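[1] What follows is a predicted protein model with its sequence.
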Amino acid sequence: MASYVAPGLRDKFESLSTELKDCILARNVKLNTLPDLIRVLEEIVREGEG
């Protein structure tokens, strides 16, 4: 499965750093809404804390 970023979320996604975007896309996620993006970002933060 390839990652997907909904058109309405693309501006917010593109405002992130290249490293962070790559990390998100590597997770093969579907980002349809802002809460979807926030959830993935929270997962990345939790993993970084552990």
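    Yes, it's here.

[2] average model confidence for stretch 7-18?
    Averaging pLDDT along stretch 7-18 gives 97.

[3] Outside of the biggest helix by length in the chain itself, list whatever touches it.
    In the chain, assigned by DSSP state H, the helix with the most residues is helix 34-49. Residues from elsewhere that reach helix 34-49 (Cβ atoms under 8 Å, 6 or more residues apart in numbering): 9, 12-13, 20, 23-24, 27, 29-31. Every residue, glycine included, has its C-beta placed from N, CA and C.

[4] So for Glu49, what's the pLDDT?
    88.

[5] hang on, Ala2 is in a helix, isn't it?
    No - under DSSP: H, G, I helix; E, B strand; the rest coil, Ala2 sits outside any helix and is assigned coil.

[6] Tell me the secondary structure at the closest residue to it other than its chain neighbours.
    Nearest non-adjacent residue to Ala2, counting by Cβ to Cβ, 6 or more residues apart in numbering: Asn28, 6.6 Å away. Here Asn28 is recorded as coil under three-state DSSP.

[7] returning to that earlier point: now the contacts of helix 34-49: which count as buried?
    By neighbour count, with 16 or more other Cβ atoms under 10 Å, the contacts of helix 34-49 hold 9, 13, 24, 29, 31 as buried.

[8] The fourth one contacts Ala2, doesn't it?
    No - if you go by Cβ atoms under 8 Å, Val29 and Ala2 don't touch, sitting 9.8 Å apart.
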